[in-house]
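Trainee: any chance you can model this:
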Amino acid sequence: DNALNFNQSYHCNLKNGYEANIGYDLKNVCSNGRFSSVSFNNKEIQHALDLMYTIHEFMNKSVDSIDIYSYDNDGTTFYSNEEFISQEFTKDNTYSFSRALLYLQSARSTGYLPTKISQYSACLECIFAIKENHTKNLSEITSNLLSSNLSKKDKIFTDMRDVYSIRSDQEHGGQIKYLNNHSQKEMIELSQRLDDYVRKVIKYIIKNPELNYQMGDIEKKSATRLHFKSKIS
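Mentor: Purely as a prediction, here's the structure:
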């Protein structure tokens, strides 16, 4: 479910023989909250590389500079990527798709399901530019955008209401009331379905780059909001 990243990179200059390896402590957890291994064939790897360039173009639009704090220790240089992200992707000129991808990365870095579900939800809210009536708008936009089949729409709508309930309880430090009437297994399955919904919405955004608004651009943000609200039947 795309919970994939690297934690080791290598560089080799064939002209002068210089070699280096860089370690990065980064974990990614599947949508069910568990770690797993997977192999890819050449076609899948090529598809991932093609998408990487597409995503890179989206992320690049939000970056003003490339200054990254670094420090040296025993001949190794360490770069503070998180500080750079915090500085660059919280500005008014940050693009919504870049911010949404950061929420998605945050979701996929934790195995604690309420936090994972909350970050998935924030990713969608950012893309849809939701301003008010969050539960209703999040549920209606997602269900109408992803399906025209009535029963499937109803299922997505119900899922998204449950998602926002969990998000609200999680962000306000309360009891996860969803678990009063549902099992842990059902919350795992909800998280897995939500991951699928988020992936489909991101594919929609990639195909419609005009919806990628700057956070401080009120006019463009409103236009994006109206686009998604028009999906509500």
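Trainee: give me the neighbour count for the closest residue to residue 175 other than its chain neighbours.
Mentor: With sequence-adjacent residues excluded and distances taken as Cβ to Cβ, 6 or more residues apart in numbering, residue 175 is closest to residue 169, at 6.4 Å. Every C-beta, even on glycine, is put in place using the N, C-alpha and C of the backbone. Neighbour count for residue 169, taken as other Cβ atoms under 10 Å: 17.
Trainee: identify the residues contacting residue 169.
Mentor: 114, 175, 176, 177, 178 (Cβ atoms under 8 Å, 6 or more residues apart in numbering).
Trainee: how far away is the nearest residue to the first one once chain neighbours are set aside from residue 119?
Mentor: In space, residue 114 comes closest to residue 170 once its chain neighbours are excluded; the distance is 4.1 Å by Cβ to Cβ, 6+ apart. Taking Cβ to Cβ, to the nearest Å as the measure, residue 170 falls 9 Å from residue 119.
Trainee: returning to that earlier point: restricted to buried residues, select the contacts of residue 169 in PyMOL.
Mentor: Those of the contacts of residue 169 that count as buried under 16 or more other Cβ atoms under 10 Å are selected in PyMOL with:
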select buried, resi 114+176+178
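Trainee: all strands of this structure, in order?
Mentor: Per DSSP state E, the chain carries strands over the ranges 8-12, 19-23, 70-73, 76-79.
Trainee: who touches the last one?
Mentor: Counting by Cβ under 8 Å, 6+ apart, the neighbours of strand 76-79 from elsewhere in the structure are 68, 69, 70, 71, 72.
Trainee: picking that back up, and the residue nearest to residue 114, what does it touch?
Mentor: By Cβ under 8 Å, 6+ apart, the residues touching residue 170 are 114, 115, 117, 118, 176.
Trainee: hmm, try it at 7 Å
Mentor: Taking Cβ atoms under 7 Å, 6 or more residues apart in numbering as the criterion, residue 170 is in contact with 114, 115, 118, 176.
Trainee: now, these that are in helices?
Mentor: When DSSP state H is applied, the contacts of residue 170 are split such that 114, 115, 118 fall in helices.
Trainee: measure the first one to residue 162 for me?
Mentor: By that I understand residue 114. Distance, residue 114 to residue 162, using Cβ to Cβ: 12 Å.
Trainee: measure residue 161 to residue 129 for me?
Mentor: Using Cβ to Cβ, one obtains 20 Å as the distance from residue 161 to residue 129.
Trainee: with residue 135 instead?
Mentor: The gap separating residue 135 from residue 129 is 16 Å, by Cβ to Cβ.
Trainee: over to residue 145?
Mentor: Counting by Cβ to Cβ, the gap from residue 145 to residue 129 is 13 Å.
Trainee: repeat that for residue 153.
Mentor: Separation of residue 153 from residue 129 (Cβ to Cβ) stands at 21 Å.
Trainee: apart from its chain neighbours, what residue comes closest to the spatially most central residue of the chain?
Mentor: The chain has residue 104 as the residue nearest its centroid, 1.7 Å off, counting by Cα atoms, centre = their mean. Leaving aside its chain neighbours, residue 104 sits nearest to residue 123 (4.9 Å; criterion: Cβ to Cβ, 6+ apart).
Trainee: can you list contacts of stretch 98-105?
Mentor: Residues from elsewhere that reach stretch 98-105 (Cβ under 7 Å, 6+ apart): 58-59, 61-62, 85, 89, 119, 122-123, 126-127, 198, 215.
Trainee: swap in 10 Å and give it another go.
Mentor: Stretch 98-105 has contacts (Cβ atoms under 10 Å, 6 or more residues apart in numbering) with 2-3, 5, 26, 28, 55, 58-63, 85-86, 88-90, 94-95, 118-128, 195, 198-199, 201-202, 205, 212, 214-215.
Trainee: perfect, I'm done here.
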